[in-house]
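**Student:** structure, please.
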Amino acid sequence: MRLRRSRVRRGWAISIAPLIDVVFLLIIFSMMISHFTRVEIEPVALPEATKGEQPARLPPQRLVINVRRDGAVVLGGRVQSDESLRAALADEATRRPGQDLAVLVRGDRAADWRYVARVMTACAARGIGRVRVAVVEPENGPGGP
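**Tutor:** Reported below is the predicted structural model:
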């Protein structure tokens, strides 16, 4: 009796399922990052300043607080009252003990300064000393016309 040998193919096969998983995770990651960036930075017309300090790098542990033209204070995409802003600042300060928390205040140039001052006062009340105010250079440059 003659037995047939089965021909076994030996070689490499690339499984595409892990590749699809990795690509899917990269898409989700990029969508989340773009969402967080949009929530953090609202379209406000920043005031102009000819003098100021450009930080070498922005600290990774920072909060961005936007002050709209009508005086509404926005943190994390939500409008905050004075009490909820103080509570959010206290929560961030306790969540990151021992770290130097920085706050970037982006106030609209048409907003009344008292709204920005309220934000700065709330930061000082929670022991946050690194508060910066975002500005832009005039279109004519730092020297003026």
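**Student:** let me see the contact set for Leu75.
**Tutor:** Going by Cβ atoms under 8 Å, 6 or more residues apart in numbering, Leu75 touches 63-66, 85, 88. Where you see a C-beta, it was placed from the backbone N, CA and C, and this is true even at glycine.
**Student:** and the helices in this protein?
**Tutor:** 17-40, 82-95, 113-125 (DSSP state H).
**Student:** how many neighbouring residues does Pro138 have?
**Tutor:** 13 (other Cβ atoms under 10 Å).
**Student:** please apply the same query to Thr121.
**Tutor:** Around Thr121 sit 13 other residues, with neighbours defined as other Cβ under 10 Å.
**Student:** ok, now how distant is Ala117 from Val131?
**Tutor:** 11 Å (Cβ to Cβ, to the nearest Å).
**Student:** ok, these two, which is more surrounded?
**Tutor:** Higher neighbour count among Ala117 and Val131: Val131, with 18 against 13, using other Cβ under 10 Å.
**Student:** where does the chain dip in pLDDT?
**Tutor:** For the chain, the stretches flagged by pLDDT under 70 are 1-3, 5-9, 35-41, 55-61, 97-99, 141-145.
**Student:** about what we covered before: now the contacts of Leu75 as CSV including neighbour count and distance to Glu139?
**Tutor:** Formatted as CSV, the contacts of Leu75 follow (neighbours: other Cβ atoms under 10 Å; distance: Cβ to Cβ, whole Å):
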residue, neighbour count, distance to Glu139
Leu63, 19, 29
Val64, 18, 24
Ile65, 24, 26
Asn66, 24, 22
Leu85, 20, 32
Ala88, 19, 35
